[in-house]
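Undergrad: sequence and predicted structure, then a few things I'm wondering about:
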Amino acid sequence: MQAAAQEYFQQGTLLAQGGRLDEAIAALRQAVALRPDLAEAHFNLGSAYRDRGNAAHAREAYRRAVELRPAWADAQLALGTVLRELGELGAAVEHLSRAAALQPDLAEAHMELGHACTPTGDWRAAVSHFQRAIALRPDDAKAHWAAVMAQIPAMEEPGVDIEERRSAFAGELAALERWLHAGPRPDAFAAVAVHQPFFLAYHEKPNRELLAPYGRLCVELMSDWQARTGLVLPGRRERGRLRIGIVSAHIFNHSVWTALGRGWLERLTRRRLFRRRYEVHLFHLGVQRDAETRFAQSRATRFEQGQHSFADWARRIHAAALDILIYPEIGMDATTAKLASLRLAPVQAVSWGHPETSGLLTMDYFVSAAGLEPPDAQANYAERLEALPGLGCWITRTPRPTPDSVALPPGRPCLVCPGTPFKYTARHERIFTSIAARVPGSRFVFFRGQPAELARKLEARLRRAFEGAHLDFERHVAFVPWQTLDSFRGVLAQADLYLDTLGFSGFNTALQALECGLPIVAHEGRFLRGRFASGMLKHIGLPELVAHSDDAYIELAVALASDAERRADLRRRIARQREALYEDERPVAALEAFIARVAR
């Protein structure tokens, strides 16, 4: 039996090394069935599962390897890494710390610890771990890159000056550029998008001047890789149907897809003339697949999905000889960002799935919406702004399911605060305490999103603010678990008001509130990312629900929270007027005209 187990183990290991993952998993499963105490087989099985894209199974296999050999640093590292990828950050830090303690010179453990600490808001620990990795591997471009990106905290916290953090980011980015130019570093391209400056978007400040040098560095490193790889810059084709490429890691039931790509694809491909003139090539970088993925595949001329390296994706996209390449978002996925830093089509554009300039010189256009942008919006973008009419997208009218019944914490009026924790900045604290002081029975309902550490930090911050204002935190504030869509609709159906986040508004959540007839208190921000809810309300003829200052936001919230009759009237008006949100042909027609104009 032991000999057979060893044979299966060796066979599975060789199959995994050859990329034959399904066969490898089958062989390694046989090995651990025959020898449950063979830690190496469990470890290799975990690695095969991880390469196959099954992180949950990988976690269990690695966990068994750690149980069998607790002092094995590589197993602790592997388990910690997959736990991080699954969002189990507390457990990830525990196992990664054990790996670093077992093998102090294991630079990869410190890299992973830095990756795990960044999204929890522990930026000091993240920077420290990345710097330790640099000390162990001074030429590691990934560690240098990550240490720069970690300078921006995931959310505001007491005692941290955001302006100082922004300055630190700019200074460290300049130092990174000097380091990269100090000598030949042919592998430096691998560092691009190891971390991205994602959390800059949650500062209500102009970010173009910070993101332009970041984007320039991304393009410089990736262009060097592209030249050495032989992927020549594509030229314009003279004949044939125009080829439109869409690249995204979110072609499934995800907010980026449902807000933008789904409606565009549905309406454009429905037109017979469009199908005669254009081909649509979809490149789904993610592993998730559902009904939305299948719908997208059914509408595409060509659809590709698979677990490919960024280099393989680059070759596939380049080989498609596209006329225009559109990225619904840049900033939320590492492979997307690396590909977007290349020139893979003569015309390239990004849209507002992540509503911030990419800073990339490879992006020619930023496709936005006239109804969401401020008057001077071009100044916010490194790309040329193309503002489609209205809300810039086709919103499908779907049957409204009966929302799940949800037991809300007691208190009236109930004010839903739907933002992820990192959307809430220090300015929100005065707003909430001011409303609570003037509406004594009010109850604010927040949601414990992931990572859980950020929700705990937000709760602690709000508790201090309420106590400082001599208000009973427990009476006024409740944190409830993150909800499924139907249960979230149940919350919205029972609530009295929806309080939109300031600085970075919600698009899908605001749409869901209006579908449930819930009045929204919105703030019109300085940038696209702060104007989603306000843009929707103005679009359906309810501009009186849009505040233009913090004080006006407080006054509006207090007035509505104190007046049940006015809220009931608003519900009736929303039910009548929200139809204007749906099936707007203007942005789809404008998108087609834009593609025709720039792609030839």
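TA: Thanks, I have it. Residues are numbered from 1 along each chain as shown.

Undergrad: now stretch 311-329: mean pLDDT?
TA: For stretch 311-329, the mean pLDDT works out to 97.

Undergrad: centre of the chain to it, how far?
TA: Relative to its chain's centre, stretch 311-329 lies at 21 Å (Cα atoms, centre = their mean, to the nearest Å).

Undergrad: now do the same end-to-end measure for it.
TA: 19 Å (Cα to Cα, to the nearest Å).

Undergrad: how about the strands in the protein?
TA: 242-248, 278-284, 302-305, 324-327, 347-351, 365-369, 384-388, 414-416, 443-448, 477-481, 497-499, 520-523, 546-547 (DSSP state E).

Undergrad: what's the angle from the fifth one to strand 365-369?
TA: On the basis of axes from the mean of the first three to the mean of the last three Cα atoms, to 10 degrees, strand 347-351 is oriented at 40 degrees to strand 365-369.

Undergrad: for strand 347-351, which strands pair with it and how are they oriented?
TA: Using DSSP bridges, strand 347-351 pairs in its sheet with strand 324-327 (parallel), strand 365-369 (parallel).

Undergrad: export these as CSV, with columns for distance to residue 59 and mean neighbour count.
TA: Just so you know, the C-beta spots here come from the backbone N, C-alpha and C atoms, and that holds for glycine as well. Listed next are those as CSV, based on distance: least, Cβ to Cβ, whole Å; neighbours: other Cβ atoms under 10 Å:
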stretch, distance to residue 59, mean neighbour count
strand 324-327, 31, 26
strand 365-369, 39, 23
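
Undergrad: CSV for the ones you listed, including distance to residue 5?
TA: Formatted as CSV, those follow (distance: least, Cβ to Cβ, whole Å):
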stretch, distance to residue 5
strand 324-327, 48
strand 365-369, 56
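
Undergrad: ok, which of those strands comes nearest residue 235?
TA: Among the strands paired with strand 347-351, strand 324-327 comes nearest to residue 235, with 13.2 Å by Cβ to Cβ.

Undergrad: which ones are touching the closest residue to residue 497 other than its chain neighbours?
TA: Nearest in space to residue 497, with sequence neighbours left out and distances taken as Cβ to Cβ, 6 or more residues apart in numbering, is residue 415 at 4.8 Å. By Cβ atoms under 8 Å, 6 or more residues apart in numbering, the contact list for residue 415 reads 435, 442, 443, 444, 445, 495, 496, 497, 498, 499, 557, 561.

Undergrad: what about 10 Å?
TA: Listed by Cβ atoms under 10 Å, 6 or more residues apart in numbering, the contact partners of residue 415 are 432, 435-436, 439, 442-446, 476, 495-499, 521, 557, 560-561.

Undergrad: which residues does it bridge with?
TA: Bridge pairing for residue 415 - DSSP bridges - gives residue 444, residue 497.

Undergrad: that older thread, among the strands paired with strand 347-351, which comes closest to residue 257?
TA: strand 324-327 (12.5 Å).

Undergrad: show the backbone phi and psi for the residue lying closest to residue 496 once chain neighbours are set aside.
TA: Spatial nearest neighbour of residue 496, excluding adjacent residues (Cβ to Cβ, 6+ apart): residue 413 at 3.7 Å. Torsion angles at residue 413 (phi, psi; degrees, to the nearest 10) stand at phi -80, psi 150.

Undergrad: do I have it right that residue 413 meets residue 567?
TA: Yes - counting by Cβ atoms under 10 Å, residue 567 is a contact partner of residue 413 at 8.0 Å.

Undergrad: more neighbours: which of these two?
TA: For residue 413 and residue 567, the more surrounded residue by other Cβ atoms under 10 Å is residue 413, and the numbers stand at 19 against 16.

Undergrad: contact partners for that one?
TA: 435, 439, 441-443, 495-497, 557, 560-564, 567.
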